[in-house]
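**Q** what follows is a protein structure lacking sequence information:
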Ligand code: NAD
Ligand code: DAU
């Protein structure tokens, strides 16, 4: 079958990547979507079950740090576009093992840029879309918002590695004139998120009557966005975003961690038919994260005005959908928390 375009999506077996892949495979049948993913602990092919047999989808297991592999892949496919999501993404892990973050997030991005440059041939028809985070801007006090003009001030090994990759993307655009676009998004939540991140971790622990760890006093603030709204923004930016531009994406939905956990406990009590207040008894204050950023908040007026994007669900709707998904997908949770999904790969895909 002939396809009009070939799009490479990196990190498509991860949380956000799997939502982006699902969206693109279902909505763009004229495009061949190629997913490359190393399948680290965070990559899970079970996330893509619904679309894995579609004719416009291919999976290739591979490491973006492996320059030879990346060059060969680009040479073979001459991609029209790249949407780059592959990354080490968890701040706590970057504190215990920064080198993995430097390798994947910085060297990996540089390898993709070099390979993309080699197939670009001075055309603005192609595009390299780099998906990044609001954490590059540092931490806010009680007021203010991150805009596209906010100076970079990354404060964890994770955010420093993402900031470095953003700088590389802009530098390649400036120096080599390759067509790029970047977005910086706030905290995502939704289905298929690895249960080390706050919301799925709390849902899983509440379900299993285990302590829900809240770092420090729980006063840190995050701006939460439903993952499908991020995937929609990525789709709009990929297709309509202006070359060389950056777009901030956020939910205009700030929550103190402790208030968010209380809200989640209320929902879980209802869903699990528990007495009101039962789940909240599991809240346990633990040692704070080193260098814990106080507050993130995004001003997303640019993408709203330029591309007409806005979040489609309220936080209450999104949280409820998310809780329903985790409760309905016990097997997914059990596989990913026990490591059994590796056995599934072997049986299903013959991948080690
Ligand atoms: P994730 O950890 O769930 O998924 C990352 C994926 O990348 C996994 O499938 C993993 O196997 C793959 N990967 C890791 N190293 C690789 C390598 N060397 N080669 C190939 N594949 C590799 O992450 P996520 O939360 O889905 O985040 C995706 C992207 O979005 C990241 O770039 C992240 O910085 C960014 N982002 C995330 C959030 C959020 O709230 N989760 C918010 C803003 C931006
Ligand atoms: O802002 C975007 C970023 O959001 C993304 O770039 C990252 O990839 C993503 O992991 C996320 O980073 P955070 O560090 O904000 O997410 P996390 O879910 O780890 O933590 C959310 C908040 O909850 C943070 O203030 C730390 C706190 N926390 C986290 C965990 C895992 C707890 O209090 N207890 C926990 O057990």
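**A** On my side now, so go ahead. These numbers were taken from a predicted model, which means no experiment stands behind them. Ligands and ions are numbered 1, 2, ... in the order given.
**Q** how about the residue lying closest to residue 283 once chain neighbours are set aside, phi and psi?
**A** The shortest distance from residue 283 to any non-neighbouring residue, by Cβ to Cβ, 6 or more residues apart in numbering, is to residue 212 (5.2 Å). (C-beta placed from N, C-alpha, C; glycine too.) The phi/psi pair for residue 212 (degrees, to the nearest 10) reads phi -100, psi 110.
**Q** quick one, phi psi at the residue in the stretch 201-350 of the chain positioned nearest to ligand 1?
**A** Closest to ligand 1 within the stretch 201-350 of the chain is residue 230: 7.2 Å, counting by Cβ to the nearest ligand atom. Phi and psi for residue 230, reported as degrees, to the nearest 10, are phi -70, psi -40.
**Q** now the one 3 residues further on
**A** The main-chain torsion angles of residue 233 are listed as degrees, to the nearest 10 and equal phi -60, psi -40.
**Q** give me the below-cutoff pLDDT ranges for the stretch 1-150 of the chain.
**A** 122 (pLDDT under 70).
**Q** helices of the stretch 51-200 of the chain, start to end?
**A** Under the criterion DSSP state H, counting those that start in this stretch, helices of the stretch 51-200 of the chain are mapped to 67-77, 91-96, 98-101, 109-120, 157-176, 198-207.
**Q** nearest to residue 236 among the ones you listed would be which one?
**A** Of all the helices of the stretch 51-200 of the chain, it is helix 157-176 that lies closest to residue 236, at 18.7 Å by Cβ to Cβ.
**Q** and the closest one, how far from the chain's centre?
**A** Relative to its chain's centre, helix 157-176 lies at 17 Å (Cα atoms, centre = their mean, to the nearest Å).
**Q** would you tell me whether that helix gets close to ligand 1?
**A** Yes. Legend: contact between helix 157-176 and ligand 1 by Cβ under 6 Å from any ligand atom is shown at residue 162.
**Q** so which elements touch that helix?
**A** Where contact means 3 or more Cβ pairs under 8 Å, 6 or more residues apart in numbering; DSSP states H and E, helix 157-176 is packed against helix 91-96, helix 98-101, helix 109-120, strand 127-133, strand 180-185.
**Q** apply 10 Å and report the result again.
**A** Helix 157-176 sits against helix 91-96, helix 98-101, helix 109-120, strand 127-133, strand 180-185, strand 246-249, with contacts defined as 3 or more Cβ pairs under 10 Å, 6 or more residues apart in numbering; DSSP states H and E.
**Q** for residue 181, which non-adjacent residue is closest in space?
**A** Counting by Cβ to Cβ, 6+ apart, the residue nearest residue 181 is residue 241, at 4.4 Å.
**Q** state the distance from the closest residue to residue 153 other than its chain neighbours to residue 294.
**A** Spatial nearest neighbour of residue 153, excluding adjacent residues (Cβ to Cβ, 6+ apart): residue 138 at 3.1 Å. Residue 138 sits 10 Å away from residue 294, taking Cβ to Cβ, to the nearest Å as the criterion.
**Q** give the contact list for the residue in the stretch 1-150 of the chain positioned nearest to ligand 2.
**A** Residue nearest to ligand 2 within the stretch 1-150 of the chain (Cβ to the nearest ligand atom): residue 133, separated by 3.1 Å. Neighbouring residues of residue 133 by Cβ atoms under 10 Å, 6 or more residues apart in numbering: 87, 89, 91, 154, 158-159, 162-163, 166, 183-188, 296.
**Q** can you pull the contacts of residue 136?
**A** Listed by Cβ under 10 Å, 6+ apart, the contact set of residue 136 reads 146, 150-155, 158-167, 182, 184.
**Q** go on, residue 300?
**A** For residue 300, the contact set (Cβ under 10 Å, 6+ apart) comprises 145-148, 183, 185-186, 223, 225, 233, 247-252, 309-311.
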